[in-house]
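S.K.: output the structure for:
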Amino acid sequence: MTRTSSCRVLLAALSLVSGLAAAAPLPAPRDVPYFGPITLMVDATDLDHRVLQVRETIPVRPGRMTLLYPQWIPGTHAPTNEVKRLAGLRIAAGGRALAWTRDPLNVHAFQVDVPGGASSLEIEFQQLLSAAGGTYSSLVSRELIQIQWAGAVLAPAGFYASRIDVDPSLRLPKGWQHASALRVARPGADALRFERVSLETLVDSPVFAGKQVKRIDLDPGSDRPVIFHVFAEDPQSLEMSDAQVEAHRNLVKQADRLFGSRHFAHYDLMLALSDNHPWAGLEHHQSSENGTKANYFSEWTKSSITRDLLPHEFTHSWNGKFRRPRDLWAADFNVPTSNTLLWVYEGQTEYWGMVLAARSGLVDADEMREWFAWTAAAYATLPGRSWRALQDTTHDEIIAGRQNSLDWSSWQRFEDYYDEGALIWLDVDTRIRELSIGTRSLDDFARSFFGVANGRVAPLLYDFDDVVAALNRVQPDDWGPFLRQRLDSLGRSPLDGIARAGWRLGWTDKPSELAKNRDLFRERTTVAYSLGFGVDKKGRVGWVDWDGPAFKAGMAVGLELVAVNLKAYKPDVLLKAIDLAKDDAAPIDLLFKDGSDFRQLHIDYHGGQRYPVLERIEGTPDRLSAILAPR
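M.R.: Residues are numbered from 1 along each chain as shown. Down below sits the predicted model:
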């Protein structure tokens with residue numbers, strides 16, 4: 001390093017220290033109303049560049065002010081809102097440009113000095129979106145738009161999000177239709193002008209829009225309607241049978257019978273059908289955003305693997321949005337939250353999503369038993385359970401990023417509070433049924449815990465002790481130690497609930513049609529319980545089970561499978577080689593491309609193909625079938 005470079009480094013360090021010393025703490029949010037409503041206009045018509053143009057007018061008083069770009073977005077369980085997408089920020093008062101600075105300790109905070117006599121700030125910026133999408137950011141394409149308001153607003157620090165009012169407007173391409181939990185205040189020739197809502201409600205109310213949409217009233221005549229809005233790139237994707245519509249209507253009926261209440265004035269179930277965009281699912285109190293492939297209706301049998309998505313997100317209106325863990329509530333979107341109860345928030349929601357999918361007829365009961373077999377097999381064989389307790393996985397979104405899988409996920413563990421959490425709640429459900437001799441179940445817990453205060457929309461908070469107390473009111477037992485043992489212990493079998501439900505985990509050497517469709521949908525080939533790895537449609541290794549046969553042979557994520565036993569790789573070639581190895585002492589030879597090199601691995605495995613199934617335990621009550629039966 002030269003002397004000049006050393007000086008520059010020293011000056012930069014001194015500047016940083018000086019900036020840190022000068023940074024004032026952000027004002028703590030207060031439960032008092034803000035000075036007046038924010039006017040917000042978002043222009044989403046630039047489909048070519050995928051850019052949102054944002055204009056805001058914020059009432060202010062003279063003095064130093066901090067504006068916050070939301071960071072911790074409810075439902076994502078992590079600071080997922082990407083401030084890197086904000087650009088072109090300009091702040092003015094009375095037409096005069098004002099200088100702003102970013103807080104050196106919090107890059108989501110922007111500070112500005114409001115001059116004397118100014119009553120409002122005029123703010124402009126762009127949210128720059130990616131063609132590949134982002135981590136729960138807005139998405140703009142030629143056919144579909146999804147607006148996440150959190151990426152298109154700056155808000156004054158020092159106030160609860162629920163006490164800041166916003167008058168939002170949205171400009172869409174000409175002729176496009178929209179869906180949202182927001183209600184239009186008045187039609188406008190140039191933009192949708194929504195009713196005034198709090199910033200909290202705004203961020204919790206995304207907008208879907210597109211050229212092709214079909215709307216279905218899932219509960220005709222209800223004073224708290226549930227509307228199904230289906231958007232698609234291709235109008236043929238919107239063709240659905242009466243039986244398919246009825247299954248979605250049954251979802252609403254079965255949820256009503258389970259919870260016995262509704263905690264929304266109206267609910268907008270939004271679904272985008274696309275093969276080109278990374279749509280996912282995210283819960284909101286009076287709506288949910290969902291996305292899957294274009295064949296959701298057109299290839300009903302093949303797409304069944306996705307049909308727990310809508311039941312899961314719909315259940316969140318009760319579990320997660322209305323009844324909310326105390327440590328997952330925050331006064332604004334820049335206060336960090338804690339995830340310690342995600343095994344209730346997501347785990348029990350995952351359980352009810354599976355159960356409601358079966359009860360409504362969205363998924364056949366036999367198929368749902370196979371889903372439980374997959375879940376049981378995954379956690380009965382997961383090596384990471386030997387060192388890391390389930391409770392610790394509730395931190396995963398903060399550690400690793402929201403739903404970004406890890407190279408060695410079977411060893412590291414990742415988001416297991418979803419599916420292993422569902423097994424815990426099956427354990428609880430069957431335990432209640434056993435102790436009460438079939439007179440009570442987890443349905444009773446759902447009605448008493450989530451069904452209280454019918455019509456209330458404001459969140460009702462809870463902690464671990466509240467969950468235990470509610471379980472004891474349904475069926476007295478030692479629920480605290482029962483739950484803590486399953487959450488905190490290492491290596492304990494996760495199959496107690498499966499056994500108490502009257503079933504055991506078994507294995508077959510033939511994949512079911514559902515298992516085949518599961519791989520087809522995800523465009524992959526998996527040999528999880530034989531060789532212990534999976535590849536994508538191009539043969540690239542996506543995951544390897546820790547300490548499994550492939551791992552022991554030297555396989556790692558990222559290799560490209562080229563040949564199997566000197567035959568060009570195809571999925572059926574790999575599966576045939578596994579079958580032939582049962583009667584052959586020679587190892588299975590796999591040839592991989594590793595960058596510019598080739599590697600040959602020899603897997604000494606002779607157990608044949610293995611796929612999980614559930615087998616009945618004779619002489620025991622079939623509680624699982626009772627759980628999955630419609631109410």
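S.K.: count of neighbours near residue 121?
M.R.: Applying other C-beta atoms under 10 Å, we find 23 residues neighbouring residue 121. Backbone N, C-alpha and C define where each C-beta goes, glycine included.
S.K.: in a strand, it, correct?
M.R.: Yes. The assignment for residue 121 is a strand, going by DSSP: H, G, I helix; E, B strand; the rest coil.
S.K.: wait, it sits on residue 112?
M.R.: Yes. Contact criterion C-beta atoms under 8 Å: residue 121 and residue 112 qualify, at 7.2 Å.
S.K.: quick one: the nearest residue to residue 245 once chain neighbours are set aside from residue 425, how far?
M.R.: Leaving aside its chain neighbours, residue 245 sits nearest to residue 216 (6.0 Å; criterion: C-beta to C-beta, 6 or more residues apart in numbering). As judged by C-beta to C-beta, to the nearest Å, residue 216 and residue 425 stand 30 Å apart.
S.K.: more neighbours: which of the two?
M.R.: residue 425 (22 against 16).
S.K.: helix, strand, or coil at that one?
M.R.: Taking three-state DSSP, the label given to residue 425 is helix.
S.K.: where do the strands of the stretch 401-550 of the chain begin and end?
M.R.: In the stretch 401-550 of the chain, the segments counted as strands under DSSP state E, counting those that start in this stretch are 460-462, 503-508, 524-527, 533-536, 541-544.
S.K.: looking at those, which is closest to residue 577?
M.R.: Residue 577 lies closest to strand 524-527 among these, at 9.9 Å (C-beta to C-beta).
S.K.: CA-only coordinates of that closest one in CSV, if you can.
M.R.: C-alpha atoms of strand 524-527 as CSV (Å, rounded to 0.1, in the frame of the first residue of the first chain):
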residue,chain,number,x,y,z
ARG,A,524,-36.3,-32.0,-11.0
THR,A,525,-35.4,-35.6,-10.3
THR,A,526,-35.0,-36.7,-6.7
VAL,A,527,-33.5,-39.9,-5.4
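S.K.: for that strand, which helices and strands make contact with it?
M.R.: Counting contacts by 3 or more C-beta pairs under 8 Å, 6 or more residues apart in numbering; DSSP states H and E, strand 524-527 is packed against strand 533-536, helix 571-580.
S.K.: and for residue 55, the neighbour number?
M.R.: Quick note: residue 55 (other C-beta under 10 Å) scores 15 neighbours.
S.K.: how far away is it from residue 125?
M.R.: From residue 55 to residue 125 the distance is 9 Å (C-beta to C-beta).
S.K.: just residue 470 next, same as before
M.R.: Using C-beta to C-beta, we find residue 470 at a distance of 45 Å from residue 125.
S.K.: the strand or helix carrying residue 343 packs against which elements?
M.R.: Element membership of residue 343 [criterion: DSSP states H and E] is helix 342-345. Contacts defined by 3+ C-beta pairs under 8 Å, 6+ apart place helix 342-345 against strand 323-325, helix 419-435.
S.K.: out of these, deepest packed?
M.R.: Among the helices and strands packed on helix 342-345, ranked by average contacts under mean count of other C-beta atoms under 10 Å, first place goes to helix 419-435 (a mean of 23).
S.K.: just the CA atoms of that helix, as CSV, please.
M.R.: C-alpha atoms of helix 419-435 as CSV (Å, rounded to 0.1, in the frame of the first residue of the first chain):
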residue,chain,number,x,y,z
ASP,A,419,-43.2,-29.1,8.2
GLU,A,420,-41.8,-30.5,11.4
GLY,A,421,-44.0,-28.0,13.2
ALA,A,422,-47.0,-29.6,11.4
LEU,A,423,-45.9,-33.0,12.8
ILE,A,424,-45.9,-31.4,16.3
TRP,A,425,-49.5,-30.2,15.8
LEU,A,426,-50.5,-33.7,14.5
ASP,A,427,-49.0,-35.0,17.7
VAL,A,428,-51.0,-32.6,19.8
ASP,A,429,-54.2,-33.3,17.8
THR,A,430,-54.0,-37.0,18.2
ARG,A,431,-53.0,-36.7,21.9
ILE,A,432,-56.1,-34.6,22.6
ARG,A,433,-58.3,-37.2,20.7
GLU,A,434,-56.7,-40.1,22.6
LEU,A,435,-57.0,-38.5,26.1
